[in-house]
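Enquirer: Attaching a predicted model along with its sequence, questions to come.
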Amino acid sequence: MTPNPELPDWSLSQILMEKRMNLAVATDKRVELKKHVNAIHCSNNLTLVQRKLFNALLFNAYPELPYKLKFQISAKDLCKLIGYNSNDYGKLKRALLGLITTAIEWNVIDCDTGKEKNWKASSILSAAQLAEGVCTYEYSHIMKELLFQPEIYGRIDVKTMSKFKSSYGLALYENCIRYQRLSQTPWFPLDVFRKLMGVLGGKYTSFKDFKKRVLNIAVNEVNNLSQIQVLPEIERQNQKVTKIRFKLNKKHLASSEKISNLINAELEETLTNTFSLSPLLIRDLLTEYDIAFIREKVNIIINSSSFQEGKIRGLSGYLIDSLRKDYKASKSSQMLISEARMKRKLEEEAEKEREERRRNRYEKYVKDKINKYLTLLTDAEKDALVMDFEVELKSNKSNKVFYSWYKKNGFEHVGVKACFHNFVKEHKKQHMGGILSFEEFISLVDEYT
C-alpha cells in the first residue's frame, strides 16, 4: 500500500521538516544528521563542497526518505547549510552534477574491525534540478535503502559540518564521530584509510607527504572546529606505516555527559556555572562525598545572606571547605532550604505529570496512525497481515505467551492486540507515511499547541 498524502499526520511531517531546517540554518542550537555508517565509511574523491552537499541534501530528505520520490529545498537554505555565502549558483550546479556523475564505494570498512567488507558502488543522486531558487533532487531506490537504516548511524553536527575548509577535515570528522562513545576508532589499514579520506590513485604515496598534506590538515581542522579531539596513532611493520587509528576525546560535552549519569542537570549546572568547578573536580567530589551531602552544602551557601550579597570570594574553594568542615545552616537558612526543597519537589511532581500526559498523547497518536492504516486495507491485505503476524508469533520464542493467548482468545486479548499493533508499527511504518519518534512528536506538540 502506498502512503496516503490525505492523512492528517502528513502535515506533521511537513511542519517537522520546516522546523528542522529553521533550526539548522537560523539558530545556534545543535542539529544533528543521522547518516548511515555505510555512507560515512565510503571511498570517494568528493570535493569539500560535494561532501557538504551530500550531507545537507540527506539532512533535508531524511524524515521522508523511505517513501518520497523527489525532495526539495530552497537554494538559499541549501547554501546556508553548507556554509556557502554567494548568490552565484554555478558552483552549486557543478557540485550537484558531481554527485550524479561521481561513483562512490560503499561499506568499505567493517565498523567493528576496521577491515574491508563487502563492496558496492553507486552514484549519490540519480537526478537533480535547480530552478527558480529551488533545488529538486532524487535518490535511486537502492541508494535510499542504503541511506535509511536508522538503527545504525553516525551523528554529524550540521553546523559543525558547514565550518570545515578542507574535504580531508570533513572526511576525518565523519569517520571518527561514529566512534565518539568508544574513545577510539578501530585500526584502519592505511590503504583503506586513504580511500576514506578521498586520496586515490598515486597521490601522496609516501606517508611523509600524506601526513603533511592530508593527515595533519584533517586532524587540526577536526580539533579546532568540532566537539571532539582526535589523536592519531600509527602501527608500523618493518619501519613502514601499515595501520592508523584515532584516540577520541570529547571536549567539555564528554565530561558533562559522564557527570550527568551521576547527578541531575540542575546540580551539575550549579556546580559548573555558579561555583566554577571543572568536570574533573566535580567527579573527584562525587567519589569523596555523597550527592545529598554536596547538595546540602550547595543549598546552604546559595541561601546564605553572604552569597546573596556577593560577599563570598572564591566560591569553589568555599564550597570545598564547607564539605570538608561540614558547615551547618543557620535557622533562617534552614527555613529557606526547606522552602526550596518543597518547591523543587512540587516542580518534579509537575514535570512527572507532564511527562505522563506527553506519553499518553504520543501513544494515542501512534494508535490512531495504526488504526487509520488498518481501515484502509482491503480484506485480502488484512488477511495477509494477520498471517505475517502469526508467523512472527510462532517463530519468536519470546512471543510464546502471546501466541498461546492468541490461539485461545484471538485479538480479544488486550495483550495480543497490543502485540499486533507493535508488529504493525515495526513492519509497516513506511506504508503509513512514517511514524514520528516520541521526541519529534513532542517537539511539535510543545511548539504548536
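Expert: Yep, that arrived.

Enquirer: which stretches of this structure have low pLDDT?
Expert: Along the chain, segments meeting pLDDT under 70 span 1-45, 103-121, 148-159, 181-182, 251-264, 287, 329-341, 397-399, 444-449.

Enquirer: Helices of the stretch 1-150 of the chain, start to end?
Expert: Remark: helices assigned in the stretch 1-150 of the chain by DSSP state H, counting those that start in this stretch are 10-26, 37-40, 48-61, 75-81, 90-101, 141-147.

Enquirer: Walk me through the domains of this protein.
Expert: 1-150, 164-250, 253-329, 362-448 (automatic domain parsing).

Enquirer: thought residue 306 was touching residue 312?
Expert: Yes. At 5.3 Å, residue 306 counts as touching residue 312 under the criterion of Cβ atoms under 8 Å. In this view, the C-beta of every residue, glycine as well, is placed from N, C-alpha and C.

Enquirer: Look at those two and report which has more neighbours.
Expert: Counting neighbours by other Cβ atoms under 10 Å for residue 306 and for residue 312 shows that residue 312 has the greater number, 14 against 10.

Enquirer: hmm, back to that, do you know which of the domains of the chain lies nearest residue 346?
Expert: domain 253-329 (14.3 Å; Cβ to Cβ).

Enquirer: now stretch 173-182: how far from the chain's centre is it?
Expert: Remark: stretch 173-182 is offset 12 Å from the chain centroid, using Cα atoms, centre = their mean, to the nearest Å.

Enquirer: before we move on, the earlier item: tabulate the domains of the chain (JSON lines), appending distance to residue 348.
Expert: Listed next are these as JSON lines, based on distance: least, Cβ to Cβ, whole Å:
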{"stretch": "domain 1-150", "distance to residue 348": "25"}
{"stretch": "domain 164-250", "distance to residue 348": "29"}
{"stretch": "domain 253-329", "distance to residue 348": "10"}
{"stretch": "domain 362-448", "distance to residue 348": "19"}
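
Enquirer: closest one to residue 342 among these?
Expert: Using Cβ to Cβ, the nearest of the domains of the chain to residue 342 is domain 253-329, at 12.3 Å.

Enquirer: residue contacts, the residue nearest to residue 165 when sequence neighbours are not counted?
Expert: Using Cβ to Cβ, 6 or more residues apart in numbering and skipping the chain neighbours, the partner closest in space to residue 165 is residue 221 (6.7 Å). Contact partners of residue 221, counting by Cβ atoms under 8 Å, 6 or more residues apart in numbering, are 164-166, 168-170, 172-173.

Enquirer: Please, which helix or strand holds the residue nearest to residue 301 when sequence neighbours are not counted?
Expert: The shortest distance from residue 301 to any non-neighbouring residue, by Cβ to Cβ, 6+ apart, is to residue 307 (5.4 Å). Residue 307 belongs to helix 305-308 when assigned by DSSP states H and E.

Enquirer: How about that helix, which residues are buried there?
Expert: residue 307 (16 or more other Cβ atoms under 10 Å).

Enquirer: which residues are in contact with that helix?
Expert: Residues from elsewhere that reach helix 305-308 (Cβ under 8 Å, 6+ apart): 301, 312, 315.

Enquirer: so what secondary structure elements neighbour the helix or strand following that helix?
Expert: Sequence-wise, the next helix or strand downstream of helix 305-308 (DSSP H and E) is helix 315-325. Judged by 3 or more Cβ pairs under 8 Å, 6 or more residues apart in numbering; DSSP states H and E, helix 315-325 is in contact with helix 279-288, helix 291-302.

Enquirer: isn't residue 170 right up against residue 50?
Expert: No. Assessed by Cβ under 8 Å, residue 170 is found out of contact with residue 50, at 10.3 Å.

Enquirer: Contacts only, for the nearest residue to residue 91 once chain neighbours are set aside.
Expert: Of all residues beyond its chain neighbours, the one nearest residue 91 is residue 49 (6.4 Å), with distances taken as Cβ to Cβ, 6+ apart. For residue 49, the contact set (Cβ under 8 Å, 6+ apart) comprises 82, 84, 91-92, 95.

Enquirer: Could you do residue 220 as well?
Expert: residue 169.

Enquirer: Can you give me the buried ones in the helix or strand where it lies?
Expert: Assigned by DSSP H and E, residue 220 falls within helix 216-225. Of the residues in helix 216-225, 217-219, 221-222, 225 count as buried by neighbour count, 16+ other Cβ under 10 Å.

Enquirer: Distance from it to the middle of the chain?
Expert: That offset, for helix 216-225, works out to 22 Å (Cα atoms, centre = their mean).

Enquirer: which element follows that helix toward the C-terminus?
Expert: Next along from helix 216-225, by DSSP H and E: strand 228-237.

Enquirer: Taking helix 216-225 as reference, get the angle to that next one.
Expert: The directions of strand 228-237 and helix 216-225 differ by 150 degrees, with axes from the mean of the first three to the mean of the last three Cα atoms, to 10 degrees as the criterion.

Enquirer: Pairing partners for strand 228-237, with directions?
Expert: strand 240-250 (antiparallel) (DSSP bridges).

Enquirer: Now do the buried residues in the partner strand.
Expert: Within strand 240-250, the residues that qualify as buried are 243-246, 248, 250, counting by 16+ other Cβ under 10 Å.

Enquirer: Among the domains of the chain, which comes closest to residue 354?
Expert: domain 362-448 (9.9 Å).

Enquirer: what's the spacing between that closest one and its chain's center?
Expert: Per Cα atoms, centre = their mean, the centroid offset for domain 362-448 relative to its chain is 26 Å.

Enquirer: now swap in stretch 359-370 and tell me
Expert: With Cα atoms, centre = their mean as the basis, stretch 359-370 stands 24 Å off its chain's centre.

Enquirer: would you turn the buried residues of strand 240-250 into TSV with distance to residue 418?
Expert: Output for the buried residues of strand 240-250, formatted as TSV (distance: Cβ to Cβ, whole Å):
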residue	distance to residue 418
243	50
244	50
245	45
246	45
248	41
250	39
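
Enquirer: Now flag whichever of the residues you listed is closest to residue 202.
Expert: Using Cβ to Cβ, the buried residues of strand 240-250 come closest to residue 202 at residue 244, 19.2 Å.

Enquirer: need the helices for the stretch 301-449 of the chain, in chain order.
Expert: 305-308, 315-325, 331-375, 379-395, 400-409, 414-427, 438-448.
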